[in-house]
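Visitor: Have a look at this prediction, sequence included:
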Amino acid sequence: MTSNRDPVITGIGLISCLGEGEAAHLAALDDFTPVVDETTFAPYPVHPMTALTLDTQIPKRGDQRQMEPWQRYGVYAAGLALDSAHAKGDAALLERMDMIVAAGGGERDYAVDAAILAALPKADDPDLYLNEHLLADIRPTLFLAQLSNLLAGNISIVHGVIGSSRTFMGEEAAGADALHVACARIEAGQSEICLAGGSFNAQRPDAFLHNAMGHALWRGPFAPVRAREAAGGGCILGSAGCFLVIESRAHADGRGVTPKARIAGVRSDRCNRAPGEAAAIMARQIEALGGAAAASAVISGNGGGGPVASEDHAFLDALGLPVRSINTAIGSTVEPSFPAAVAIAAMSLARGRLFPPLEPAEAPLDGPPLGLFVTSRGLWRGEATALVVPA
């Protein structure tokens, strides 16, 4: 049964190692070959961002220069989503378009970090020295409590999206909650159209340092998610940007645009990851979304790392649905991981066919999918599930 308040996806902007846009991603998934850089951060592989012509979505070079890579990826993906939704340049529409962004704390200024670390042991008062130089040497725009908001600000500046704006921090859970809140506001009549998503730059030393210290990364040549889990586990990071234009069915009909898919529900939660907790949350989420019969397959956001990985896979195997571990193809992309998986689900439903298995452990799906579960499991916290169905 459909409703005028159904949240439907009318625009998709996705960039990753697989390419730019919907057609490039579907083609790459249909004939999958891993896109991996195994040398730059060896022994850790990474899924690098595809080459982008920034001028096509960020026309002013001054705007490009003042953004860090993760912001460029987000602004670029947002522009693609607006193009896809036939909303680019429509000032009347953009001024009432809401925006929900999932963002991290930004990227380090390595030169400042190195200078402070080199001088700190020689300082007479190390605590005073550290405080003074953190205040004096780091640019005001990089104050970490505000940095996450810069992505939304740059989207507003470049693309003119000037409705209400919210920014969520919290790694994978932030991306899930961005979509959860966008859909809830649309269903409640508090919003008619929303731009929601996030971005992540994996190709930076601090991203590898943080995750390596937590023993979360896969070392050595590329391997798909299930194979990594069987060999002890580990994530492969990936750079990505993904934004979705989500609007009420009535609003989309009024604009004369055809929805790509409908988000039938989003559930998000968190736990301490005691044995069995993550699987129990997934079971509750899937049951709340209609149970296994509501979908034909699962697009899993399991990255293959951490103790939850094997528990997650065991639950999905018992569910009895074909699974596609999307992180095999685009890597662990943190904030945009859930929006990207939902985007790929919507693309698959719009064309009436799921992409083939990405590794031998995955089962094929014959016929058009009736619905797709999209799951997300943060490396440390955050469990989310969405049900995406034909529009």
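Guide: That came in fine, so what should we check first? If you're wondering where the values come from, they're calculated on a predicted model, not measured in any experiment.

Visitor: how close does residue 260 sit to residue 295?
Guide: Computed as CB to CB, to the nearest Å, the residue 260 to residue 295 distance reads 17 Å. Placement of C-beta: from N, CA and C, glycine included.

Visitor: same question, residue 154
Guide: 36 Å.

Visitor: Counting neighbours, go ahead and name the busier of those two.
Guide: Counted by other CB atoms under 10 Å, residue 154 and residue 295 do not tie: residue 295 has more neighbours, with 25 against 19.

Visitor: Which residue, other than its chain neighbours, is closest to that one?
Guide: Closest residue to residue 295 apart from its sequence neighbours, by CB to CB, 6 or more residues apart in numbering: residue 371 at 4.1 Å.

Visitor: residues near the one you found, how many?
Guide: The burial count for residue 371: 20, using other CB under 10 Å.

Visitor: and what of residue 169?
Guide: Using other CB under 10 Å, residue 169 has 16 other residues around it.

Visitor: So it is in contact with residue 148, correct?
Guide: Yes: using CB atoms under 8 Å, residue 169 makes contact with residue 148 at a distance of 5.2 Å.

Visitor: quick one: common contacting residues for those two?
Guide: Common neighbours of residue 169 and residue 148, using CB atoms under 8 Å, 6 or more residues apart in numbering, are 103-105.

Visitor: By neighbours, which of those residues wins?
Guide: Busiest of the shared contacts of residue 169 and residue 148 [other CB under 10 Å] is residue 103, holding 27 neighbours.

Visitor: Tell me the spatial nearest neighbour of that one, not counting adjacent residues.
Guide: Using CB to CB, 6+ apart, the nearest residue to residue 103 is residue 148, at 3.9 Å.

Visitor: give the contact list for the one you found.
Guide: Contacts here follow CB under 8 Å, 6+ apart; on that basis residue 148 touches 101, 103-106, 167, 169.

Visitor: redo that, cut-off 6 Å
Guide: Residue 148 sits next to 103, 167, 169 when contact means CB atoms under 6 Å, 6 or more residues apart in numbering.

Visitor: ok, back up a step: wait, which of the shared contacts of residue 169 and residue 148 is closest to residue 387?
Guide: residue 103 (25.6 Å; CB to CB).

Visitor: my read: that closest one touches residue 152, true?
Guide: No: applying CB atoms under 6 Å, one finds residue 103 not in contact with residue 152, separated by 7.7 Å.

Visitor: Overlap in contacts, those two.
Guide: Both residue 103 and residue 152 are contacted by residue 167, under the criterion CB under 6 Å, 6+ apart.

Visitor: Would you map the strands across the stretch 51-200 of the chain?
Guide: Secondary structure of the stretch 51-200 of the chain (DSSP state E, counting those that start in this stretch): strands at 98-102, 165-168, 193-200.

Visitor: Show me where the stretch 151-300 of the chain has its helices.
Guide: Applying DSSP state H, counting those that start in this stretch to the stretch 151-300 of the chain gives helices spanning 172-187, 205-213, 225-230, 249-255, 277-288.

Visitor: Report the rounded mean pLDDT for the last one.
Guide: Looking back up the chat, that one is helix 277-288. Average pLDDT, helix 277-288: 96.

Visitor: What residues of it count as buried?
Guide: Under the neighbour-count criterion of 16 or more other CB atoms under 10 Å, helix 277-288 has 277-279, 281-283, 285-286 buried.

Visitor: Ok, the second one next?
Guide: Buried residues in helix 205-213, counting neighbours by 16+ other CB under 10 Å, are found at 207-208, 211.

Visitor: sorry, back to before: closest to residue 303 among the shared contacts of residue 169 and residue 148?
Guide: Nearest to residue 303, judged by CB to CB, of the shared contacts of residue 169 and residue 148 is residue 104 at 16.0 Å.

Visitor: ok, that closest one - contacts?
Guide: Going by CB under 6 Å, 6+ apart, residue 104 touches residue 335.

Visitor: how about 7 Å then?
Guide: Residue 104 makes contact with 148, 169, 200, 334-335, according to CB atoms under 7 Å, 6 or more residues apart in numbering.

Visitor: just those now: which is nearest residue 51?
Guide: Closest to residue 51, out of all of the contacts of residue 104 and judged by CB to CB, is residue 200, at 17.5 Å.

Visitor: What does the pLDDT read for the closest one?
Guide: Here the pLDDT value assigned to residue 200 is 97.

Visitor: Quick check: it touching residue 333?
Guide: Yes: under the criterion of CB atoms under 7 Å, residue 200 makes contact with residue 333 at 5.1 Å.

Visitor: between those two, what contacts are shared?
Guide: Common neighbours of residue 200 and residue 333, using CB under 7 Å, 6+ apart, are residue 240.

Visitor: circling back: including distance to residue 18 and pLDDT, could the shared contacts of residue 169 and residue 148 go into CSV?
Guide: Output for the shared contacts of residue 169 and residue 148, formatted as CSV (distance: CB to CB, whole Å; pLDDT from 0 to 100):
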residue, distance to residue 18, pLDDT
103, 22, 93
104, 22, 89
105, 26, 79
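
Visitor: got the end-to-end distance for stretch 355-364?
Guide: In stretch 355-364, first residue to last residue: 9 Å (CA to CA, to the nearest Å).

Visitor: tell me how far it is from the chain's mean position?
Guide: A distance of 22 Å separates the centroid of the chain from that of stretch 355-364, by CA atoms, centre = their mean, to the nearest Å.

Visitor: What average pLDDT does stretch 116-131 get?
Guide: 92.

Visitor: List the buried residues of that stretch.
Guide: By neighbour count on 16+ other CB under 10 Å, the buried set for stretch 116-131 is 116, 129.
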